[in-house]
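> pasting a predicted model and its sequence here:
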Amino acid sequence: MKANLLIIEDDESMLDTLQDVFRQEETNIICARTGKKGLEEFTRNQPDLVLLDIRLPDTDGLTVLNRLKQEAPDLLVVIMTAYPQVQTAIQAMKAGAYDYINKPFDLDELRLVIGKALETRQLQDEVQRLRKQGATGSDPSQILGDAPATQELRRLIGMVAGAPKTPVLLTGESGTGKELAANAIHHQSSRAAQPLIKINCSALPNNLLEDELFGHEKGAFTDARQAKKGLFEMADGGTFFLDEIGEMSQALQPKLLRILEGEPFRRVGGTREIRTDVRILAATNRNLAAMVEQGSFRKDLYYRLKVMEIHLPPVRERMADVPALVTHFVRLHSREMGKPAEAVTEGALQMLMSYSWPGNIREIRNVMERAVILANGRPIGRADLPLELCKAAVSESFKEIAASSADLTLSDLEREHIMNTLRRLDGNKSLAARRLGISRSTLNEKLKRYREEEKTSSAG
């Protein structure tokens, strides 16, 4: 991604020279010949770096530097001065300048200073990204579990991560981990070092959503006292995740389609066309195909988004992953609360494995947070689980048995229950034995007997 460099310099010939130099370095150049214009351009464009002359026709560079640092304390500013007095340099550095260079300067020396400043900016961005990642206490792209559905999900994520321009539509019930999948796609792609910007389309009214996505120019509306970059601009070079895309208004849908097709856009109240290089990920728990039929979602946008569609399976279709998810959230919440990460008892795990988890992964996280609090450092037992969960788990087990109980003997019912449990757990015998409350050797003996009975029945 090209860096944005703002040059505030009143000398026309110097400005032309600097523009020629940095255009060759594949840098976007914004120019201003006065301090006032420089501050306006900074507000409008939010550059990565400012190259600032110490002497300007309407003010001095130190005053502009102070204003810039008030607006953006982390902004990197390189001062240019024709007055190599030590005092001037000291004042600039105290005011927050990244570096300074004396006129007349060697262009290679200037390239070196600017190059170092841009590397510093990239490191700042990376540190900020890692801090956000560290705040979660875990890898933001971690897809846990080894159920066949989960393994297929990881395979698809790896494939689309290698196609960093292709839009992806993530579908699935609420709480299945669509945002986690978006994290994984971004962090495994060549865009990983660039921003991952997220927004929930249902969280803002339509007028505010448009302002957040596309930004606005100064004076675009009553409270627009200064220009503001939109999130699409901030995501340039990286990934943009639109959660609950089905809630986006029909007025905004064609604007999103233009971005997906590589077309420029304008800020609210603006005339300047802006292009961004972003990879769009969208997520929904709604049936977009049905919404297209109803006329509430654009057909062309739907087909552009679903170039690659990934369905996130509900927990009930990946029950073999429940122990891994439970263990993960117990450790996560224990670490956050400063408590020892205790194990989950067999009885509690059996109950957790008997529940269908309608709220999916989000529900597992919430239940285990409650359990860690109640257990208070001891192993988590059934008493630490919500009563309604335990009742539902028992009820679901009885429903499974009742559904297949007509005209069956007790031995037949046991066999049906064992085989249903194995199917739900994708054939994982260890987990099935744990859920059934028997040893694995006992389970193997029963399965061996069932196979022999089938052979005898077939021979007869």
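Happy to help now that I have it.
> so, low pLDDT: which residues of the stretch 1-150 of the chain?
1, 25-26, 83-86, 89, 123-141 (pLDDT under 70).
> show me where it has its helices.
Secondary structure of the stretch 1-150 of the chain (DSSP state H, counting those that start in this stretch): helices located at 12-24, 35-45, 61-71, 86-94, 107-135, 148-161.
> I'd like these written out as CSV, with mean neighbour count and distance to R279 added.
All C-beta spots, glycine's among them, are computed from the backbone N, C-alpha and C. Below are the helices of the stretch 1-150 of the chain laid out as CSV (neighbours: other C-beta atoms under 10 Å; distance: least, C-beta to C-beta, whole Å):
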stretch, mean neighbour count, distance to R279
helix 12-24, 14, 26
helix 35-45, 19, 23
helix 61-71, 18, 30
helix 86-94, 14, 39
helix 107-135, 13, 16
helix 148-161, 17, 10
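> now the most centrally placed residue in the chain: phi and psi?
Geometric centre of the chain, nearest residue: N183, 4.1 Å, by C-alpha atoms, centre = their mean. Phi and psi for N183, reported as degrees, to the nearest 10, are phi -60, psi -50.
> any idea how far D384 is from it?
30 Å (C-beta to C-beta, to the nearest Å).
> please apply the same query to L75.
Taking C-beta to C-beta, one finds L75 at 50 Å from D384.
> also G246?
37 Å.
> same question for R266.
55 Å.
> look at these two and report which has more neighbours.
Neighbours of R266 and D384, each counted by other C-beta atoms under 10 Å, are more numerous for D384; the result is 20 against 16.
> that one contacts A348, correct?
Yes - using C-beta atoms under 8 Å, D384 makes contact with A348 at a distance of 6.9 Å.
> what touches both of those two?
A371 (C-beta atoms under 8 Å, 6 or more residues apart in numbering).
> what's the distance between the one helix or strand E212 maps to and the middle of its chain?
Counting by DSSP states H and E, the element that carries E212 is helix 206-214. Helix 206-214 sits 19 Å away from the centroid of its parent chain (C-alpha atoms, centre = their mean, to the nearest Å).
> repeat that for stretch 425-442.
36 Å.
> average model confidence for that stretch?
Across stretch 425-442, the average pLDDT comes to 80.
> adjust the sequence numbering to begin at 441 for everything that follows.
Got it, the first residue is 441 from now on, which makes the last one we talked about stretch 865-882.
> pull out the buried positions in it.
865-866, 868, 871-876 (16 or more other C-beta atoms under 10 Å).
> ditto for stretch 623-635
623-629, 631-632, 634-635.
> in helices only, show me the residues you listed.
If you go by DSSP state H, those have 623-627 in helices.
> nearest to V732 among the buried residues of stretch 623-635?
I625 (24.0 Å; C-beta to C-beta).
> OK, contacts around that closest one?
Neighbours of I625 in contact, by C-beta under 8 Å, 6+ apart: 597, 600-601, 608, 679, 721.
> could you single out the nearest of these to L792?
Nearest to L792 out of the contacts of I625 is I597 (C-beta to C-beta; 26.0 Å).
> burial count for the closest residue in space to E480 that isn't next to it in sequence?
Counting by C-beta to C-beta, 6 or more residues apart in numbering, A472 is the residue found nearest to E480 once chain neighbours are left out, at 7.5 Å. Neighbour count for A472, taken as other C-beta under 10 Å: 22.
> thought A472 was touching G478?
Yes - using C-beta under 8 Å, A472 is in contact with G478, at 3.8 Å.
> quickly list what's touching both of those two.
446, 448.
> now do the strands in this structure.
Chain-ordered strands for the chain, with DSSP state E as the definition, fall at 444-448, 468-472, 489-493, 516-521, 539-542, 608-611, 636-640, 655-656, 668-669, 679-683, 719-724, 748-751.
> show me what the second one is in contact with.
Okay, so that is strand 468-472. Residues outside strand 468-472 that contact it (C-beta under 8 Å, 6+ apart) are 442-449, 455, 458-459, 462-463, 478, 480-481, 485, 487.
> the same query, at a cut-off of 7 Å, please.
With contact meaning C-beta atoms under 7 Å, 6 or more residues apart in numbering, strand 468-472 is reached by 442-448, 455, 459, 462-463, 478, 481, 485, 487.
> and that strand, how far out from the chain middle?
31 Å.
> what's the answer for the last one, then?
Here the centre of mass of C-alpha atoms in strand 748-751, compared against the chain's by C-alpha atoms, centre = their mean, lies 16 Å away.
> now for that strand, which elements pack on it?
Helices and strands touching strand 748-751, by 3 or more C-beta pairs under 7 Å, 6 or more residues apart in numbering; DSSP states H and E, are strand 608-611.
> just curious, which of the buried residues of stretch 623-635 is nearest to E809?
N623 (20.2 Å).
> burial of I750, as a residue count?
By the criterion of other C-beta under 10 Å, I750 has 22 neighbours.
> pretty sure R818 contacts V784?
No - using C-beta atoms under 7 Å, R818 is not in contact with V784, being 11.1 Å away.
> mind checking which of those two has more residues around it?
Applying other C-beta under 10 Å to R818 and V784 shows that V784 carries more neighbours, namely 23 against 13.
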